[in-house]
Structures are given as C-alpha cells and as structure tokens.
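Chemist: next comes the sequence, and after it the predicted model I'd like to discuss.
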Amino acid sequence: MPPSLRSSAFVRYAVSLLSAVAAVWLTGALQSVSTHVPGLPVLFCAAIFSAWFGGVGPGMLAALVASAAIALNLIPPPSPGNSLASELPRFLTFSIAVFFVSWVSGKQRQAEDQLRRARDHLEEQVQSRTAELQRANQDLQAEIAERKVAEEALQASEAELAHVSRLTMMGELTASIAHEVNQPLGAIMNYANACRRLLAAGPDNKTQVDQALTSIAEDARRASDVIARIRALSKKKPTEKTLTGVKALIDDVVAIAKYKMQARGTAVRVELGAELPPLWVDRVQIQQVLLNLMINAIEAMDTVPPADRILDLSARSGSHEGAAAIIVTVRDHGTGVSSADQGRLFDAFYTTKSEGVGLGLAISRSIVESHGGCLSLAPTQGPGATFQIVLPVGESAHS
Amino acid sequence: MSAADSIVYVVDDDLSSRRSLELLIRASGYDVRAFGSPREFLAFPHSELPSCLVLDVRMPGLTGLELQRELAKAGRRLPIIFMTGHGDIPMSVQAMKAGAVEFLTKPFREDDMLRAIALAIENDRVAHRERLELAALRTRHARLTPREREVMASVVTGLLNKQVAAELGASEKTIKAHRARVMQKMEAGSLADLVRMAEKLSD
C-alpha cells in the first residue's frame, strides 16, 4: 500500500468510517440470511483493519461506529427479546473489547510506522554518509595524485640541480681531465714517431716496434676509458642504482682528481677495509659526492705547507641504524672547519670559498640521504676536516 | 747532429709517457736514462758527459720547478726542457726565467722535442767546455804568488807599469818582472787575453 494514501487524515478516517459502516451492513445482511451467523467478528475485523490502516484515531472511530450500531440495535442480539438490562453486559464487553483491540492495533501501527521511519532515516543517513565518504576519498585521491606529481617534479628538479652541480664540478676538473686524456695521447704520438724512426733505421728493430704498437693500443684504450668516465659523469640521466664495488668507485674518483691533486701538490692515501660488500647505489651520484668532498679537501690544503697536503680516503664496513653499512671518510690536513661554519656547512648557498656557490655539500647530502645513508662532518684528531659518508649495504637484497 | 757521447735524462711519473719518450729519444740516437720521480733522478750519480733533462712539471712529491731549484742550489747546471699536460703560462714563465731551454705542452710535436734536446745538448757541450776551461784557468791562477795576483789585478784594470808600481809601492822594474811571470803562468798571449781571463775568474 502506498504510504502517500495513508498520509492524509481525511482518507484514513473516511476508510475507517466506510469499513465500519460496511461491516455493520454486512453483519446485518448476513444475519438476515441466518440468525446463526455471529455478527461481532466482522465488526472486530473492521475495527482492527481501521486501526491497522489509519492508526489509533480511525480505529477508535470504527470501534465507536460498531458500538453505536449495537447500542442502536442495528445488529440484533443473538437472543431477541431480552431486556436492555440483560443486553448491557454483552454491549459493554463488546465495546471494551473492540476499543481495546483498536487501540492496540493502532499503537502497533504507530510503532511499525516509527520503526519504518527510523529505518528510512537510517538508510538516508547511511547513504549521505557514504556519499560524504566517497567525496572525501575522491579528494584524498586527488591530493595523492597531486602530491605524487609534486614529488616527481621535486625529484626531477633535484636531479637537474645535481646534474648542473656535477657539470660545474667537471668544469673545475677540466685541467685534470685534459691531462688524463693528453697523457696517453702524447704517449701514442711518441710511440708512433719512434716506430717510424725504428723502421727507417732497418729491419732489426722488429721486437721494439712490436712492443711500441702494443703500448699504442693500451694507451688508446686508456684515453677512451677516461672519456667514458667523464661522459658517464656529465650525462644527465635519472637515478639508476646498480651493484657497485667500493674499490672501483674510489679508484675512479682518484683517477679523475689525480691531476688536480698533483697540480696542488697533494698526495692521496687510500685505505680500504678487507672484503667490502658491494653497494646498491647510483654510481655517478656517489662519485659526484666523493669528488665534491675531495675537491673541497684539496682546496682546503692550499695554505698549508706542501709536506702536509695529504688527502686520506678510507672505506670500511660498519653499521647504520642497526643495518650493515659502508663508511667512507674523506679527510684533509687543511685549515679545518671553524665552529661558526660547522652548523651551516650543509646549508644551500652557504659557502666559505671566494668563488663557491654553496651547493656542493647540500646536494651531496641530499644524494646520500636519497640512498638511505647520511653525510656528516666527523670529529678529526689533529688539523683538518673529516667528512663521513655512511651508506647502507642491505638494499641490494631487494633488487 | 752529434748525439753520441751525450746523455738525455727523462723524469716523468706517468709510466707510458716516460716509456714512450724514452723510446722516441733512443730511436733518435741518444743515450737515455728515465726516472719515475725527481728523487730517483737526484739519487742517480750524474755523468760528466754533455746532458740535458726532459722534465714533467707536475709530479707528486717534488714538482719539476722544485727540482729545477734543487739542481740550481746544488750548482748542477743542467739544461732543462719542461713538459706540461696543458698550457700553464705562469708556470712556464717561472720555468723559463729560471733558465729552462724550452717549455713544451703535451702532446708535443716530435720535431719540437728533438730540436729542444739537440739545442740543450749543444748548450751543455759549450757550457761543459767552458767549465773545463774555467777549471784550468782557476788552477793556473792558483799557481800565482800573492804579489803576482796583486799585480795581475792592477794590470787588468788598464794601469801602466809605472802606476802599478806607485800603487803597490815597488819599483817599475820589479813590476815589469812580475807582470812577465803572470803572463807566462797564466798562459796569456796578450794583455787582452789576460783581461778576458780575469773577467771569467771574477764571474
């Protein structure tokens, strides 16, 4: 039954009145056919139906109509001719019963209605909450996507910055690089000229010529190795972690900075621990960090006597936050870091060099941190400064 | 070009640079001795033969310029040809001022290097000869008596015998005799010869 039909009080009372009148008429009609038909159950039905359909009020109305019908003798008593006084108990019993039943039915109806309304309301609430939740979820998704884009942009700009600083650093190493390429090229030229002279002098020099040619091939490879190293360092590429040996890493940076060290009269001492596990790192980025620290160290020793210009590089096994790690230190014997500079050393755009930009250490630290490690100034015994890079080794297992 | 009875020293820390240069210079007919560091070179007993040094400027430990200074301090006058990995003007100026024969940038042209070596060896040959002459001159000068040395010092300033006699408080005749002995002992053919010798001795 559509609830809209029952929402109007008029309809409810009309239905109640009609059903009561119909019950009275039906009872009268049935009893005119046979006096054995009991008349009261139909009246009860009408009262119950009215209460069920219309609630307490209409139920009472139907009960009133039924009681009136009996009182007015529209429905004849089972045994006609009895006095009014003898009919009174029957009438009262019926009236009380019919009012009670109507009231109970009506109340039940009310309770049902309330229950349904509560359920409907609950459903509505659930729906509105669900919608709210969905909206929140959508917002969250959008925010996550936005954050991801921002993070990617940040990573891209960090990579860009690292690349620019790498190029700047390579600029500082130009002389060193030129020297590293020129050395083998010069040797090749010497060997070639010597070969020409040896061949012109006669056929007896075959062994010497042969040796010289072998050396030419070796030096050509040496030159191309240098170029490959430089190309790798100057290339712009996203972070690419590979399993990298610590010794190869350090040998490479020493080779690149060798000439700068010689030019400034700096000697390098490398100390590697036994059986160092390989690192899961971006080789170029870590080399960038090492070169940066080495250049700083070399320049920090400009003002000390030549005999003291020693750069110490060391790598050993250790631990970081409870996991296995490699600890690399770069130590100079220069002027050291003043206590005023210590706190700001790793800040961007903070520099103590006359021509520095102040990004080297800041970028180096962010590179090491992006590898899950840390870069710090370590306490130094005696003059100079010690920088320490701690890189976890455990990550290789997750490759 | 006479390459015999001379020796070329090479000091370069880079193995292949050193070996290739050694081979090239040897193939050009010189005797070569190559060293990986200035210290090794300094420790090597040096030859009396005309020689020159081909030296890399930048090396760990002692640099080329420092070696040049060390040699000068030790009085070892050896013509030096410097090599450098890249053009370094302040350093080349410094080296040339300190008496370098040539300053070559690697990779250098073969001709430039060999010409510089030939020139350096020739310079050293002349210097060597002059050194020998000076040594002989010193020996002769050492044989003069103190009085003869006084006479010689006065004569070479252009004073006449009479003036020398007045200055030293002796007779002109005595001075004349001293002067003759000086000319004889110093093996000088003329007064002009003696003046030149005096100049060399005072250097």
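Modeler: Received the coordinates, thanks.
Chemist: pLDDT below threshold where in chain B?
Modeler: Applying pLDDT under 70 to chain B flags residues B:1-4, B:60-61, B:86-88.
Chemist: near chain A, which residues of it?
Modeler: When proximity is defined by CB under 8 Å from any CB of the partner chain, chain B lies next to chain A at B:14, B:16-17, B:19-21, B:23-24, B:26-28, B:58-61, B:63, B:85-86, B:106-108, B:110. Every C-beta, even on glycine, is put in place using the N, C-alpha and C of the backbone.
Chemist: got the residues of the stretch 151-300 of chain A near chain B?
Modeler: Taking CB under 8 Å from any CB as the measure of proximity, the stretch 151-300 of chain A contacts chain B at A:175, A:178-179, A:182-191, A:193-194, A:197-198, A:201, A:208, A:212, A:215, A:218-219, A:222, A:259, A:261-263, A:265, A:267.
Chemist: please narrow the residues you listed to those residing in strands.
Modeler: A:Ala267 (DSSP state E).
Chemist: list only buried entries from the residues of the stretch 151-300 of chain A next to chain B.
Modeler: A:175, A:178-179, A:182-191, A:193-194, A:197-198, A:208, A:212, A:215, A:219, A:222, A:259, A:261-263, A:265 (16 or more other CB atoms under 10 Å in any protein chain shown).
Chemist: ok, back up a step: show me the residues of the stretch 151-300 of chain A next to chain B that map onto helices.
Modeler: Using DSSP state H, A:175, A:178-179, A:182-191, A:193-194, A:197-198, A:201, A:208, A:212, A:215, A:218-219, A:222, A:259, A:261-263 are the members of these that sit in helices.
Chemist: picking up where we left off before, only the buried subset of the residues of chain B next to chain A, as a ChimeraX command please.
Modeler: Of these, the buried ones go into a single ChimeraX selection, burial set by 16+ other CB under 10 Å:
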select /B:14,16,17,19,20,21,23,24,26,27,28,58,59,63,85,86,106,107,108,110
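Chemist: name the residue most distant from the centre of chain B?
Modeler: Relative to the centre of chain B, and counting by CA atoms, centre = their mean, the farthest-placed residue is B:Ser171 at 42.3 Å.
Chemist: wait, A:Ala315 touches A:Ala274, no?
Modeler: No: using CB atoms under 8 Å, A:Ala315 is not in contact with A:Ala274; the gap is 10.7 Å.
Chemist: which one's more surrounded, these two?
Modeler: Comparing A:Ala315 with A:Ala274 by other CB atoms under 10 Å in any protein chain shown, the one with more neighbours is A:Ala315, at 21 against 6.
Chemist: quick one: contacts for that one?
Modeler: Applying CB atoms under 8 Å, 6 or more residues apart in numbering or on different chains, we find A:Ala315 in contact with A:Val246, A:Lys247, A:Ile250, A:Glu271, A:Leu272, A:Gly273, A:Leu276, A:Ile326, A:Ile327, A:Val328, A:Thr329.
Chemist: pull out the buried residues from those residues.
Modeler: Among those, those classed as buried by 16+ other CB under 10 Å are A:Val246, A:Ile250, A:Leu276, A:Ile326, A:Ile327, A:Val328, A:Thr329.
Chemist: closest to chain B among the residues you listed?
Modeler: A:Ile250 (17.5 Å; CB to the nearest CB).
Chemist: three-state assignment of that closest one?
Modeler: helix (DSSP: H, G, I helix; E, B strand; the rest coil).
Chemist: also A:Leu313?
Modeler: Three-state call for A:Leu313 (three-state DSSP): strand.
Chemist: look up how far A:Gln388 lies from it.
Modeler: Computed as CB to CB, to the nearest Å, the A:Leu313 to A:Gln388 distance reads 12 Å.
Chemist: residues of stretch B:127-135 that come out buried?
Modeler: For stretch B:127-135, the neighbour count (16+ other CB under 10 Å) marks B:His128 as buried.
Chemist: and the helices in the chain?
Modeler: Since no chain was named, I'll use chain A. A:3-7, A:9-33, A:40-54, A:56-71, A:84-172, A:174-201, A:206-234, A:246-263, A:283-300, A:339-342, A:360-370.
Chemist: that's the wrong chain, I wanted chain B
Modeler: Counting by DSSP H, the helices of chain B are B:15-27, B:38-43, B:64-73, B:89-97, B:110-142, B:146-155, B:161-168, B:172-185, B:191-202.
Chemist: give me the buried positions along the last one.
Modeler: Right, the one you point to is helix B:191-202. Judged by neighbour count using 16+ other CB under 10 Å, the buried positions of helix B:191-202 are B:Leu194, B:Met197, B:Ala198.
Chemist: repeat for the third one
Modeler: With burial defined by 16+ other CB under 10 Å, the residues of helix B:64-73 counted as buried are B:Gly64, B:Leu65, B:Leu67, B:Gln68, B:Leu71.
Chemist: so what's the closest residue to the third one other than its chain neighbours up against?
Modeler: Here the nearest residue to B:Leu67 in space, its sequence neighbours aside, is B:Pro38; by CB to CB, 6 or more residues apart in numbering or on different chains that works out to 4.1 Å. For B:Pro38, the contacting residues are B:Val11, B:Met59, B:Gly61, B:Leu62, B:Thr63, B:Gly64, B:Glu66, B:Leu67, B:Glu70, taking CB under 8 Å, 6+ apart as the criterion.
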